[in-house]
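Trainee: below is the structure, and that's it, no one-letter string:
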């Protein structure tokens, strides 16, 4: 854990990619679950067994969709956990003042990349077929739509934590001088 010198530079970029992947996969799971359940109910034969088959669909795919509903809020918890992980990693990293300039360049690149990712995500959620499903991911959508702002804040706070701790590391190494 103490030899994490270069990892803080990639943590924010990894955050961008993982947030996009998590929300896209969760959105697709929610879409598939509701679509499969609706298609199963619609394709049932119209005879005396409809009640039993509908009940079976409700007890199987209906329960799966109920379980998928927890993904709407658990994705936000996972994303917040990644943010706190970045802050903890910033605290644990040992750095030198020379790395401040590359850190600024990486943060600028991360902000530019996050703008493109945010725009691509907005295109995805505005697709007519997926818009109703992704509308349920309120917290995740908020984070992704304002991703450049989130990346700026996370990078700024992470940098403050990392470079402010630099002085306290020097005091820990040589407490008498």
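Mentor: Noted; the coordinates are in hand. What you see is a predicted model; the values in this text were computed from it and never measured.
Trainee: residues contacting the residue nearest to the spatial centre of the chain?
Mentor: Closest residue to the average C-alpha location of the chain: residue 19 at 2.4 Å, with CA atoms, centre = their mean. Neighbouring residues of residue 19 by CB atoms under 8 Å, 6 or more residues apart in numbering: 79, 82, 140, 143, 144, 147. The way it works is simple: take the backbone N, C-alpha and C, and place the C-beta from them, glycine included.
Trainee: now the helices: where do they sit in this protein?
Mentor: Ranges of helices in the chain, per DSSP state H, are 7-42, 50-68, 71-92, 100-125, 131-134, 138-145, 147-173.
Trainee: mean pLDDT added to these, as JSON lines?
Mentor: Below are the helices of the chain laid out as JSON lines (pLDDT from 0 to 100):
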{"stretch": "helix 7-42", "mean pLDDT": "88"}
{"stretch": "helix 50-68", "mean pLDDT": "78"}
{"stretch": "helix 71-92", "mean pLDDT": "92"}
{"stretch": "helix 100-125", "mean pLDDT": "93"}
{"stretch": "helix 131-134", "mean pLDDT": "90"}
{"stretch": "helix 138-145", "mean pLDDT": "94"}
{"stretch": "helix 147-173", "mean pLDDT": "80"}
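Trainee: show me what contacts residue 65?
Mentor: The neighbourhood of residue 65, defined by CB under 8 Å, 6+ apart, consists of 30, 33, 34, 37.
Trainee: now residue 64, nearest residue through space, not along the chain?
Mentor: residue 33 (5.6 Å; CB to CB, 6 or more residues apart in numbering).
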